[in-house]
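>>> Quick check, what structure comes out for this input:
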Amino acid sequence: MSIETTDSPSSILVDAKGLKCPMPVIKLQQQVRKSRPGDLISIACTDLGAEKDISSWTKVNKHQLINIIKTEYGCDITVQVKLD
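Numbers count the residues shown, from 1 in each chain. Below is the predicted model:
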């Protein structure tokens with residue numbers, strides 16, 4: 001019998017492909033509001049400006065930018081929701 005705990009962080013994928021600035025940041029912000037501290041959110045972006053925009057947004061809002069991976073469609077950006 002396995003017991004699931006709700007304390008462990010979740011990994012969430014947000015698809016922002018095809019969205020232009022500022023929508024990837026807005027989609028990320030909406031997901032952060034629904035998430036818990038420590039959750040990892042990966043956002044898939046085609047907008048070339050999303051990398052800079054999300055990087056700036058994480059600094060201002062004190063979330064942690066984990067990584068940026070270049071992809072054939074643009075990039076995947078992983079952010080950790082700030083811990084309380």
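>>> wait, residue 54 sits on residue 66?
No. Between residue 54 and residue 66 there is no contact under CB atoms under 8 Å: 11.3 Å. Just so you know, the C-beta spots here come from the backbone N, C-alpha and C atoms, and that holds for glycine as well.
>>> Can you pull up the most central residue in this structure?
Geometric centre of the chain, nearest residue: residue 41, 3.7 Å, by CA atoms, centre = their mean.
>>> in what helix or strand does that one lie?
Of the helices and strands defined by DSSP states H and E, residue 41 is found in strand 40-45.
>>> who touches that strand?
Identification of contacts with strand 40-45 by CB atoms under 8 Å, 6 or more residues apart in numbering yields 9-17, 19, 24, 27-28, 31-32, 35, 50-51, 54, 66, 71, 73-81.
>>> Counting by contacts, list what the helix or strand just after it packs against.
Scanning forward in sequence from strand 40-45 by DSSP H and E, the next helix or strand is helix 50-61. Contact partners of helix 50-61 among helices and strands, from 3 or more CB pairs under 8 Å, 6 or more residues apart in numbering; DSSP states H and E: helix 23-34, strand 40-45, strand 64-70, strand 75-80.
>>> if we can go back for a sec, which neighbours do residue 54 and residue 66 share?
Shared contacts of residue 54 and residue 66, counting by CB under 8 Å, 6+ apart, come down to residue 79.
>>> got any ranges where the chain has weak pLDDT?
Per-residue confidence for the chain (pLDDT under 70) gives these ranges: 1-7.
>>> and residue 61, what does it touch?
Counted by CB under 8 Å, 6+ apart, residue 61 has contacts 32, 82.
>>> do you know how far it is from residue 32?
Look at residue 61 and residue 32: by CB to CB, to the nearest Å, they are 8 Å apart.
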